[in-house]
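Visitor: Could you look at this predicted model? Sequence included:
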Amino acid sequence: MRYLLLLLIGCFPIGVLAQGNKDAPLDAERTLSAFERMLPVTVSVTIPTVVDIPVSDPVFRVHDAVVYEETTKQFQPYSFIEKRTLSRITAGVSTDSKPSAGTVNALTDGDGDTTVEFSAEEDQESVVDLKVVFSRPMNVSGFSLSLDQYVALPRAVSVSAPGADGLSDSKVVLARSGLSGTMVRFPALTTSSLSIRLWYGQPLRIREVNFFEENIPSFEERSVRFLARPGERYALYAYSDRGYIAPVGESGNLKDDAGVKRLPGGTMIPNPTYRPADSDGDGIIDRKDNCVRIANSDQRDENGNGQGDVCDDYDRDGIVNSQDNCPAHPNRIQTDTDRDGQGDVCDSEESRITEKYVWMPWVALGLGIVVVGGLFASVLRRSRSV
């Protein structure tokens, strides 16, 4: 028995480690499924070497990417390297709509950490107009919206540009069109400004607006840098539509350019394990869901404002319909005396019987008096007979 106990104790840590190793790939797969695109990285080194993967996509966001070591199934620390020249085009943004958070200049500042939020109207479709002015005439053919996580796509977009002489009426470049993704394309034109109109139904949070310029050399060098080891296989994953946790180990000095090996890079391809975010689990992905945070598989929207009824607030008391115990009557305090799930302000028939029949307490009091009086009379009669 003693030897059996020692054997079990000796095997216990191995079992724990084995279980931990078994779960690690599952956690990695769950994390990788948050990324829409990937780039397999071919690395041929004989010693540990810092490598650069060129990134040419203008909508790439460093904060929504991971480097994955496929052979060990571990995430690797990396650094985003960006080298710009003074000739790089810049853009300024203005709007008549006041953001509820952030400033519109953050839309073109190249910083994926900054977010601009536009609030949504309660009972109608919301609209925001963005005026974009470029630092020089630009041969532009489209743009992409870098949305914050857990945000639905705008319902529609239109684009216009000033006349050729800059004085005549603006011309429509793209008539109102529905959005199926974050990229918007239109026939290329040379212009110094654009007007973009977005229609939306839920609060709209945008990180960046990136424009596509045709037939010009690149004015910036961007890459992802990490430490590669001999015999290992790597992949770069990017474009996450939700939060994720990718634990990495200690990072060496990745900012030093000495001895860095530049890889050929390539075009990112669809990630076969990608699963679009569905925050509320109602079967409708976030980008298409008219109520991202509250489950509503029917997507019902009675007033057609682009916001599902369950997360609308018809009575404007600050409580959404699905959580309001009186959705047609303002009642911020949500008082529900009889706790029947219906607020007092719209509860025409209270659940407690004494509230429904106000005369009942008086009847009960009368019956009590009769019973006590009867008992008293009975005791009195017995005392007399004795």
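Guide: Cool, the structure landed. Numbering: from 1, shown residues only.

Visitor: where does the stretch 101-250 of the chain dip in pLDDT?
Guide: 164-168, 215-220 (pLDDT under 70).

Visitor: the longest strand in the chain is where?
Guide: The residue-count maximum for a strand in the chain (DSSP state E) belongs to strand 126-147.

Visitor: which element follows that one toward the C-terminus?
Guide: Remark: after strand 126-147, the chain's next helix or strand is strand 156-161, criterion DSSP states H and E.

Visitor: Quick one: residues in contact with that next one.
Guide: Among residues not part of strand 156-161, those counted as contacts by Cβ atoms under 8 Å, 6 or more residues apart in numbering are 170-179, 184, 186, 189, 191, 193-199. Yep, even glycine has a C-beta here, placed from its N, CA and C like the rest.

Visitor: Strands - which of those land there?
Guide: Those of these lying in strands (DSSP E): 171-178, 184, 186, 189, 191, 193-199.

Visitor: if we can go back for a sec, could I get the buried residue list for the longest strand of the chain?
Guide: Using 16 or more other Cβ atoms under 10 Å as the test for burial, strand 126-147 gives 126, 128, 130, 132, 134, 138, 140-147.

Visitor: Give me the helices and strands touching it, please.
Guide: With contacts taken as 3 or more Cβ pairs under 8 Å, 6 or more residues apart in numbering; DSSP states H and E, strand 126-147 sits against strand 91-94, strand 183-200, strand 204-213.

Visitor: Let me know which of those strands is tucked in deepest.
Guide: strand 204-213 (a mean of 21; mean count of other Cβ atoms under 10 Å).

Visitor: neighbouring strands for that strand, and are they parallel or not?
Guide: strand 116-118 (antiparallel), strand 126-147 (antiparallel) (DSSP bridges).

Visitor: So which of those is nearest Glu208?
Guide: Closest to Glu208 of the strands paired with strand 204-213 is strand 126-147 (Cβ to Cβ; 3.9 Å).

Visitor: from the chain's centre, how far out does the closest one sit?
Guide: Centroid displacement of strand 126-147 relative to its chain, using Cα atoms, centre = their mean, to the nearest Å, is 22 Å.

Visitor: tell me the angle that strand makes with strand 156-161.
Guide: Between strand 126-147 and strand 156-161, the angle comes out at 90 degrees (axes from the mean of the first three to the mean of the last three Cα atoms, to 10 degrees).

Visitor: picking that back up, would you turn the strands paired with strand 204-213 into JSON lines with distance to Thr95?
Guide: Formatted as JSON lines, the strands paired with strand 204-213 follow (distance: least, Cβ to Cβ, whole Å):
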{"stretch": "strand 116-118", "distance to Thr95": "9"}
{"stretch": "strand 126-147", "distance to Thr95": "5"}
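
Visitor: Identify whichever of the ones you listed lies nearest to Thr46.
Guide: Here strand 126-147 is closest among those (Cβ to Cβ), at 38.7 Å.

Visitor: Show me where the chain has its helices.
Guide: 2-32, 353-356, 360-385 (DSSP state H).

Visitor: my guess is Asp241 meets Arg287, correct?
Guide: Yes - judged on Cβ atoms under 8 Å, Asp241 makes contact with Arg287 at a distance of 6.7 Å.

Visitor: Settle it for me: which of the two has more neighbours?
Guide: Higher neighbour count among Asp241 and Arg287: Asp241, with 23 against 19, using other Cβ atoms under 10 Å.

Visitor: and stretch 293-305, how far apart are its ends?
Guide: One end of stretch 293-305 to the other measures 17 Å (Cα to Cα, to the nearest Å).

Visitor: Kindly report the same for stretch 159-171.
Guide: 9 Å.

Visitor: Stretch 32-52 now?
Guide: 21 Å.

Visitor: Going by neighbour count, list what's buried in it.
Guide: Buried residues in stretch 32-52 (16+ other Cβ under 10 Å): 32-39, 41, 43, 50-52.

Visitor: Please apply the same query to stretch 240-250.
Guide: Neighbour-count burial for stretch 240-250 [16+ other Cβ under 10 Å]: Ser240, Asp241, Arg242, Tyr244, Ala246.

Visitor: residues touching the residue lying closest to Phe186 once chain neighbours are set aside, list them.
Guide: Spatial nearest neighbour of Phe186, chain neighbours left out: Leu174 (4.3 Å); criterion: Cβ to Cβ, 6 or more residues apart in numbering. By Cβ under 8 Å, 6+ apart, the contact set of Leu174 is Val157, Ser158, Val159, Val184, Phe186.
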